[in-house]
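> Next input, structure requested:
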Amino acid sequence: MGVLQDHPELALFLCLAAGYLLGKVRVGPITLGGICGTLIVSLLLGAWAKIEIDADVKTIFFALFIFALGYMAGPQFFANLNRKSMRFFALCFIELVSVLGLAYLLAKAFDLDVGTASGILAGAATESAVVGTATEAIGKLPDLTADQISTYQGHVATAYTVCYLFGLVTIVIYTSQIMPMLLRINLADASRALWEKLRGSGGGLESDEREALPGLVGRTHLVTLADGRTVGNLEAAFGGGVTVEAVRRGSKDLTPAPDLELTLSDLVLVVGRRSEAIAAGRAIGPETPGIPGVDTPLATRQVAMTDKSVAGKTLGEIRSTHAEFGRSGVYVTDVLRGEQHLPANPDTVVERGDVVTLVGARSGLNRIVEKIGTVAKNDATDFIYLGLGIALGSLIGQLVVRLGGVPLSLGTGGGCLISGLLFGWFRSRRQTFGAFPPQAATTIKDMGLAVFIACTGLTSGPQAWPLLKEYGALLPFAGIAMVLVPATISLLVGRKLLKIEKPLLIGAIAGQQCSTPAITSVTQVAQSSVPMLGYTITYALSNFLLPLTGPILVGILGA
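The predicted model follows:
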């Protein structure tokens, strides 16, 4: 025990290791996750060893976490502030009002202190960020002694842990098992039917599928019929469906310029859509096994959609309005929005800041990239941009606004969340500066939250047992009720009034709860990624809105 007290950094990283190990334990479709596991371990260790951690450590790591969270959600959050997404925004509004209202009513009905009420809010909403914003807000309440602040902040962590456990189990079972029964659907069949409807005639693949007959092919032909025709005329004859990528004449490799005339016995490599490539062969001459030493491999580009002309359009509309796609034989194989991969089907709507993966001949790729965006360059973190963003967020967090005489402050957490949203959104519109690679952002986000949670648990351990004895029965009930109420209201409103398709609605409800385990379980039951289309919208919105409920509830109850 003495070693841990003298070296708190040892205790901190032991909590991370043991917590994430505990978080991997699976019971049916449910795992606690590393964050909840870390909090449980750190609370137990803190209660036993009474380890002191400098409060500045928590503040710094929480700032890193919340800025990275906002940065990653920013592009999608602002993209969803439009008419098409308002019905999904309504679900997030239901979640926001419900959890705030229920937490306030529970606090008044059972005379809960501000820390316990905030912990119930954070745990039942399964939103770890609320722990940070509420804890910080409690520290700024007037008329509280240092001991009271420490006690209430400890209550946040304890109440969060218990409510999170019950809230997590409830949202996973409710969305993946009970909601399909209430909607009277087989989730797998409904998702498959909706998928067929979405992808239309353009086709599409699930994540584990590959085309047996890919649409983009390369073929080599011996010129026997196209003697005297130019490369440009040949390509034009097939509506730009094929391109001549290489020409060999004898032992020489020629540049396939549009005015190059083909002669008998030339070897020609054409690349394009399968049907046009076959037809081109009938106009050129017999197909050959290949051209020794000559090949044009398909290239891949990850392109950030920064051009205004593509924002809000489907992939099918983009293909039809940009002839370069058809003429150059280039295909979209993936759409990345934040951390989420979306199906690359013709009806998928592309927002500004999305990163699409294009596959095709190199020459065609270069032409298309100029029309729709810029090559995404995310190979190194721009620490100038990152540092300025966190500094600005810290300044925003110091602002105090009085609402009806109640002082409200976002704190460092809320300020960095807003700053992250703005910096992430601005970066997505240019993609030429402010790089923050997804892997780096995810690592900083996860590490920042994990360290913050471990610090909170270690310092809150001594207050855990007294709180559990006082409110032991209330906390599980609150965790379950505060999940079921907003989820059920959203289910009724989403289906009866908003007419959201059933698989998308289930995914959106998991997203409004910011529950990754829930959407994981839903997609497993659905055997499809279709519910993810609804999840990504509400997840981005709730990720921004729910952390703000912490300071609001603290401000109201602390007035």
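> right, and P503 touches Q527 too?
No - under the criterion of Cβ atoms under 8 Å, P503 makes no contact with Q527, lying 11.1 Å away. All C-beta atoms are positioned from the backbone trio N, CA, C, and that covers glycine.
> neighbour-wise, which of the two wins?
P503 (29 against 13; other Cβ atoms under 10 Å).
> so is T333 in a helix, a strand, or just coil?
strand (DSSP: H, G, I helix; E, B strand; the rest coil).
> gap between it and R249?
Taking Cβ to Cβ, to the nearest Å as the measure, T333 falls 34 Å from R249.
> neighbours of G101, just the number please.
Using other Cβ under 10 Å, G101 has 13 other residues around it.
> The one 4 residues further on too?
Number of residues near L105 (other Cβ under 10 Å) recorded here: 11.
> what do you get for the one 5 residues further on?
Other residues within reach of F110, judged by other Cβ under 10 Å, total 14.
> Does it touch L474 like I think?
Yes - F110 lies in contact with L474 (Cβ under 8 Å); the separation is 6.1 Å.
> And A540, which helix or strand is it part of?
Secondary structure from DSSP states H and E places A540 in helix 531-557.
> State the mean pLDDT of that helix.
Helix 531-557 shows a mean pLDDT of 80.
> now stretch 142-158
For stretch 142-158, mean pLDDT rounds to 83.
> By neighbour count, which bits of that stretch are buried? Give me those.
144, 149-158 (16 or more other Cβ atoms under 10 Å).
> on that earlier part again, overlap of the contact sets of P503 and Q527?
Common contact partners of P503 and Q527 (Cβ atoms under 8 Å, 6 or more residues apart in numbering): S191.
> before we move on, back to that, inside helices: which ones of the buried residues of stretch 142-158?
Among the buried residues of stretch 142-158, the ones falling in helices (DSSP state H) are 149-158.
> Redo these as a markdown table? Include distance to T488.
Formatted as a markdown table, these follow (distance: Cβ to Cβ, whole Å):
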| residue | distance to T488 |
| --- | --- |
| I149 | 36 |
| S150 | 37 |
| T151 | 34 |
| Y152 | 31 |
| Q153 | 32 |
| G154 | 32 |
| H155 | 28 |
| V156 | 26 |
| A157 | 28 |
| T158 | 27 |
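> closest to A125 among those residues?
V156 (13.0 Å; Cβ to Cβ).
> For the closest one, which non-adjacent residue is closest in space?
Once flanking residues are discounted, V156 sits nearest to G119: 4.2 Å by Cβ to Cβ, 6 or more residues apart in numbering.
> Equivalent analysis for V130, please.
Nearest non-adjacent residue to V130 (Cβ to Cβ, 6+ apart): A122, at 3.6 Å.
> got it, and I418?
Computed as Cβ to Cβ, 6+ apart, the closest residue to I418 that is not its neighbour in sequence is I396, at 5.9 Å.
> got it, and V223?
Closest to V223 by Cβ to Cβ, 6+ apart is D266, at 4.2 Å.
> one step back: would the residue nearest to V156 count as being in a helix?
Yes - the assignment for G119 by three-state DSSP puts it in a helix.
> Could you export stretch 94-106 as CSV, CA atoms only?
In CSV, the C-alpha atoms belonging to stretch 94-106 read as follows (Å, rounded to 0.1, in the frame of the first residue of the first chain):
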residue,chain,number,x,y,z
ILE,A,94,-36.0,13.9,-26.4
GLU,A,95,-33.0,12.3,-24.8
LEU,A,96,-31.7,15.6,-23.5
VAL,A,97,-34.9,16.8,-22.0
SER,A,98,-35.8,13.4,-20.5
VAL,A,99,-32.5,12.7,-18.7
LEU,A,100,-32.3,16.3,-17.4
GLY,A,101,-35.9,16.2,-16.2
LEU,A,102,-35.7,12.8,-14.6
ALA,A,103,-32.4,13.6,-12.8
TYR,A,104,-33.9,16.8,-11.4
LEU,A,105,-37.1,15.0,-10.3
LEU,A,106,-35.1,12.2,-8.6
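> Give me the distance from it to the chain's centre.
For stretch 94-106, the separation from the chain centroid amounts to 25 Å (computed by Cα atoms, centre = their mean, to the nearest Å).
> and it, what's its mean pLDDT?
91.
> And stretch 99-113, how far out from the chain middle?
Per Cα atoms, centre = their mean, the displacement of stretch 99-113 from the mean C-alpha position of its chain is 31 Å.
> what's it in contact with?
Residues outside stretch 99-113 that contact it (Cβ under 8 Å, 6+ apart): 114, 116-118, 120-121, 124-125, 152, 155, 471, 474, 478, 481-482, 485-486, 546, 549, 552-553, 556-557.
> these two touch, right, L21 and G33?
No - in this structure, L21 is not within contact of G33 by Cβ under 8 Å, at 11.9 Å.
> So those two - more neighbours on which side?
Set side by side, L21 and G33 show more neighbours around G33, with 20 against 13, by other Cβ under 10 Å.
> Neighbours of the closest residue to the more buried one other than its chain neighbours, how many?
Spatial nearest neighbour of G33, excluding adjacent residues (Cβ to Cβ, 6+ apart): G23 at 4.8 Å. Using other Cβ under 10 Å, G23 has 19 neighbouring residues.
> pLDDT averaged over the lengthiest helix in the chain - what is it?
Among the segments of the chain that qualify as a helix by DSSP H, the longest is helix 438-471. Mean pLDDT, computed over helix 438-471, is 78.
> Offset the numbering so it begins at 440, please.
Okay, residue one is now 440; in that scheme the one you just asked about reads as helix 877-910.
> Just the pLDDT for L482.
pLDDT at L482 comes out at 77.
> which strands and helices sit next to the helix or strand it falls within?
For L482, the host element (DSSP H and E) is helix 473-488. Judged by 3 or more Cβ pairs under 8 Å, 6 or more residues apart in numbering; DSSP states H and E, helix 473-488 is in contact with helix 441-445, helix 447-462, helix 585-612, helix 877-910.
> Show me the contact partners of it.
440, 443-444, 450, 453-455, 457-464, 471, 490, 567, 596-597, 599-600, 603-604, 607, 885, 888-889, 892-901, 903-904.
> now with 6 Å?
The contact list for helix 473-488, computed with Cβ atoms under 6 Å, 6 or more residues apart in numbering, reads 440, 443, 454-455, 457-459, 461-462, 567, 600, 603, 889, 892-893, 896-897, 900-901, 903.
> circling back to that earlier point, quick check: the residue nearest to V595 touching V601?
No - using Cβ atoms under 6 Å, G558 is not in contact with V601, being 8.2 Å away.
> the more surrounded of the two?
G558 (36 against 24).
> Please report the distance of that one from L913.
G558 sits 11 Å away from L913, going by Cβ to Cβ.
> same deal with A596?
Taken as Cβ to Cβ, the span from A596 to L913 is 16 Å.
> Having no further points to raise, I will conclude here.
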